[in-house]
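Enquirer: what's the 3D shape of this:
(2 chains)
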Amino acid sequence: MKTTPTSKSTRRQFLGTSAAIGLFTIVPRKALGGPGHTPPSEELTKAVIGVGGMGRGHLGYPGSRLLAVCDVDRAHVNTALERVDDYVKGYSDFREVLDRDDIDIVHVPTPPHWHALISIAAAEAGKDIWCEKPMARTIYESQKVVEAVQKHDRMFRLNTWFRFQGGFYGMGTEVKPIKKCVENRLLGWPLKVTVGATTGFNWKFQWSGLTDLKPEPIPETLDYDMWLGPAPWKPYSKHRTHATFRGYWDYDGGGLGDMGQHYLDPVQYFLEKDDTSPVEIEVDAPQQHDDAVGSWRRITYRYADGCEIILDGAGTDEGVAYIEGPEGKLFQKFESDITGLKEKVDALPDPAPQITDFSESVRTRKKFALNESNGHRSCTLVNLGVIAVRLGRNLRFDPDAQRFIDDEGANRLLHQPMRGPWHV
Amino acid sequence: MIQKMNPLALGLAALVAGLCAPLAGADVAAIVAQFPANDAAAANALFEALLDEGDDAIEGLCDQLVPLGAGDDNGPRYALTGLARYVSRPGAEEDREDVEDALLEALEDEDNAEVKQFLLRQLQQCGGNETVSEVGGLLLDDATASHTILTLDAIGTRKAKRTLTKALKKTKGTTQIQILAALSDDGRNRTAANVIEDRLQAQPEADEYVHLLSLLVAFQGHKAHGALIDAMDREEARCRKAALSHASTMMDTSAVKKWRKKVADADTSDAVKREIGALLAAASE
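Expert: Just a heads-up that it's a prediction; the model follows:
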């Protein structure tokens, strides 16, 4: 017997069924579609949960019509509502948004400690999910997102895009030619990839919290208990929330959490590591605070086949190549020590096509380019780095079991137990 | 390979170890003043120096903790957090026990809730069954219950699970739900399931009801169909949707029979019959 979730019956399918069984009424022209009109039954709809910072960008993302915004800070909801159509409704509790049958896609640009919980609840409610990076604050949480999305047959996209479009920060090239170069082994194998200021990646990579927070009065507009959600209760300080939350371990992993998946996901893609994880993680960082994220100098990820990714947080690797292999090097702007590399790459066939429009993914039920599975793996890179930095020690990881080897102290950081009543 | 230090780090470690050697018998304050360390080698040398000073030194550090905003105790906080992480490394069981004992002593003597929470967070990283034995009472104190559950959840031993299960009958409200959530990863737990069923009988508000349904499914699996069917009597669509969503992932012949019975029930409204009809239709595909 097929265990298809009831929640898979979408609003559009319902409308189709209703028509088939003879429900009819007089409807306006625009509702029927035709030239110049998209009928509502064809139009995707969305809600954005978390509209304080990143979420404001999600309001205008194309491909679907915004119906609802939600935030635990009333001031954020009011600001968002000023920017959108009158029919958009504001909420303070995401569960009320998920109750609506007329919403197809839920955007989750909240702080990361909420990503897994809301994504899982959205999957259970039959919504497709467009989640901000990093996918989750722990490896366990992103595993649970994968389970929920697949159990409920939902579509999931993570909100970073460099594996399929864009100039990839300071690289001065898209990823596609790099992918062609790598998959045709023009640089040889295994490869060493260095991500840091000297290879074009330095935007917000270091992000620290404050170690001298003092309790402050909670703003009247903020539901602080709901903002904390699954995170341990700590006294309110403005710096702990909103635009600066990334500086605290309970909610994110600093600049590594903020930018890590942007930088690492394309590397995982062109290194062909979408279904695995590193086996060794080495770290060089100052000692870390209990609560506030600090800086770090270097994180090295080593895969079983010898490929390495180096995060040069100190930006000291002058003259180093972005990618180095036994056959040659690749630098910013696709410069190389291999003569005629660009021309060779141009002549090669394109990599396998990817679905890069989430609306298409939702309509066709085919996985988006960066989905829950490969997104979990690139988020795991981020969270492996976070754990190594927090512990201040090198780690060995089993990519299949997704646990650290012979290090129960590290395994305790695979998951951060959640404050009640929240759980995944 | 991975455990090898580069020559620079080795040199630095030797230098720091050399610098720290005279500190071994010196005032703990001199060690604490060097936190936060700039790298792992320097930090580890400081941790070793602290461990050499013995339990009293670590308890002394705990005595220097003050509630957030009441003064600068970053030195002791860095030292204790670092120690808790350091002794959680492989092969450091004796050191781990020493630090655990010192943290538990401090926890017992501490009155301030925020400082207690800090100490519990460190035990989350390095605590073991000794912690489980000592912190059970804190589950009954609103100020520490949540952090204590987080600690026991992180420790995750059978003894920790038993302590949490025992506390179910003595706790209520959010604390009880957090305990249920902490136990839910382990699957079958009759005590937990009974507690949930009692709470569901009391018909709590929708959000709590939905949480409880989800937890009951975790504890009972297919056996939860009865409670899911009962949830269809709730007025709130959220409760019914949650029940249908859970049911949809575990439909088998026996479950289909139960849900059909609900459809046949004269007291079931037409709207609910339609909702269940969609579930049954999807299950038959």
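
Enquirer: contacts and neighbour counts: CA atoms only from here.
Expert: OK.

Enquirer: Contact partners for residue B:189?
Expert: When contacts are counted by CA atoms under 8 Å, 6 or more residues apart in numbering or on different chains, residue B:189 touches B:219, B:220.

Enquirer: neighbours around residue A:210, how many?
Expert: Residue A:210: 16 surrounding residues under other CA atoms under 10 Å in any protein chain shown.

Enquirer: Show me how far stretch B:97-109 is from its chain's centre.
Expert: Its chain's average C-alpha position is 19 Å from that of stretch B:97-109, according to CA atoms, centre = their mean, to the nearest Å.

Enquirer: Can you list the buried residues in it?
Expert: By 16 or more other CA atoms under 10 Å in any protein chain shown, the buried positions in stretch B:97-109 come out as B:97, B:98, B:99, B:100, B:101, B:102, B:103, B:104, B:106, B:107.

Enquirer: Does it reach chain A?
Expert: No - using CA under 8 Å from any CA of the partner chain, stretch B:97-109 never reaches chain A; the gap is at least 13.3 Å.

Enquirer: So what touches that stretch?
Expert: If you take CA under 8 Å, 6+ apart as the criterion, stretch B:97-109 is touched by B:55-56, B:58-59, B:62-63, B:83-84, B:87, B:116, B:119-120, B:122-123, B:126-128, B:130-131, B:134.

Enquirer: for it, what is the average pLDDT?
Expert: In this model, stretch B:97-109 has a mean pLDDT of 96.

Enquirer: for stretch B:75-93, same thing?
Expert: Across stretch B:75-93, pLDDT averages out at 97.

Enquirer: wait, does it make contact with chain A?
Expert: Yes - legend: contact between stretch B:75-93 and chain A by CA under 8 Å from any CA is shown at B:77, B:78, B:81, B:82, B:85, B:86, B:88, B:89, B:90.

Enquirer: closest to residue A:363 among these?
Expert: Relative to residue A:363, the closest of these is residue B:85; by CA to CA it sits at 47.5 Å.

Enquirer: Could you find the closest non-adjacent residue to that closest one?
Expert: residue A:391 (5.7 Å; CA to CA, 6 or more residues apart in numbering or on different chains).

Enquirer: which stretches of chain A aren't confidently modelled?
Expert: Applying pLDDT under 70 to chain A picks out residues A:1-41.

Enquirer: centroid residue for it?
Expert: The residue lying closest to the centre of chain A (CA atoms, centre = their mean) is residue A:133, at 2.6 Å.

Enquirer: What's the separation between residue A:277 and residue B:159?
Expert: According to CA to CA, to the nearest Å, residue A:277 stands 32 Å off from residue B:159.

Enquirer: who has more neighbours, the two?
Expert: Remark: of residue A:277 and residue B:159, residue A:277 carries more neighbours, 23 against 16, as counted by other CA under 10 Å.

Enquirer: Could you grab the helix/strand/coil label for that one?
Expert: At residue A:277 the chain is in coil, as set by DSSP: H, G, I helix; E, B strand; the rest coil.

Enquirer: Check the secondary structure at the spatially closest residue to residue B:223 that is not a sequence neighbour for me.
Expert: Using CA to CA, 6+ apart and skipping residues adjacent in sequence, the residue nearest residue B:223 is residue B:217, 7.9 Å away. Three-state call for residue B:217 (three-state DSSP): helix.

Enquirer: about what we covered before: I'd like the distance between the residue nearest to the centre of chain A and residue A:112.
Expert: According to CA to CA, residue A:133 and residue A:112 sit 7 Å apart.

Enquirer: same question, residue B:248
Expert: Residue B:248 is 29 Å from residue A:112, by CA to CA.

Enquirer: just residue B:140 next, same as before
Expert: From residue B:140 to residue A:112 the distance is 30 Å (CA to CA).

Enquirer: Check residue B:63 too.
Expert: In this view, residue B:63 and residue A:112 are 34 Å apart by CA to CA.

Enquirer: Also residue A:150?
Expert: Using CA to CA, residue A:150 is found at 21 Å from residue A:112.

Enquirer: And these two? Which one has more around it.
Expert: Each of residue A:150 and residue A:112 has its neighbours counted (other CA under 10 Å); residue A:112 has more, 25 against 15.

Enquirer: Tell me the residues on the stretch 201-350 of chain A that lie near chain B, please.
Expert: Residues of the stretch 201-350 of chain A lying near chain B by CA under 8 Å from any CA: A:211-215, A:232, A:234, A:280-282, A:284-290.

Enquirer: got a winner among the residues of stretch B:75-93 next to chain A for most neighbours?
Expert: Neighbour tally across those (other CA under 10 Å): the maximum, 28 neighbours, falls on residue B:82.

Enquirer: residue contacts, that one?
Expert: By CA under 8 Å, 6+ apart, the contact set of residue B:82 is A:287, A:288, A:391, B:43, B:47.

Enquirer: For residue A:299, what is the enclosing helix or strand?
Expert: Counting by DSSP states H and E, the element that carries residue A:299 is strand A:298-302.

Enquirer: I'd like the next helix or strand past that strand.
Expert: Using DSSP H and E, the helix or strand that follows strand A:298-302 towards the C-terminus is strand A:308-312.

Enquirer: What ranges in chain B fall below the confidence cut-off?
Expert: Scanning chain B for pLDDT under 70 picks out B:1-26.

Enquirer: longest helix in it, by residue count?
Expert: helix B:93-109 (DSSP state H).

Enquirer: State the next helix or strand along the chain beyond that helix.
Expert: With DSSP H and E, the next secondary element past helix B:93-109 is helix B:113-126.

Enquirer: Can you pull out the residues in contact with that next one?
Expert: A:234, A:409, A:412, B:65-68, B:80-81, B:84-85, B:87-88, B:96, B:99-100, B:103, B:106-107, B:110, B:131, B:143-144, B:147-148, B:150-152, B:154-155.

Enquirer: all strands for chain A, in order.
Expert: Assigned by DSSP state E, chain A shows strands spanning A:45-49, A:65-70, A:89-91, A:105-108, A:128-131, A:156-158, A:192-196, A:280-284, A:298-302, A:308-312, A:323-325, A:328-330, A:395-398, A:403-404.

Enquirer: could the ones you listed go into TSV alongside mean neighbour count and distance to residue A:186?
Expert: What follows is these, written out as TSV (neighbours: other CA atoms under 10 Å in any protein chain shown; distance: least, CA to CA, whole Å):
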stretch	mean neighbour count	distance to residue A:186
strand A:45-49	26	43
strand A:65-70	25	44
strand A:89-91	18	53
strand A:105-108	29	39
strand A:128-131	26	35
strand A:156-158	28	30
strand A:192-196	24	14
strand A:280-284	24	26
strand A:298-302	22	21
strand A:308-312	23	17
strand A:323-325	21	9
strand A:328-330	21	8
strand A:395-398	20	29
strand A:403-404	20	34
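
Enquirer: Would you mind saying which of the ones you listed lies nearest residue B:35?
Expert: Relative to residue B:35, the nearest member of these by CA to CA is strand A:280-284, separated by 16.4 Å.
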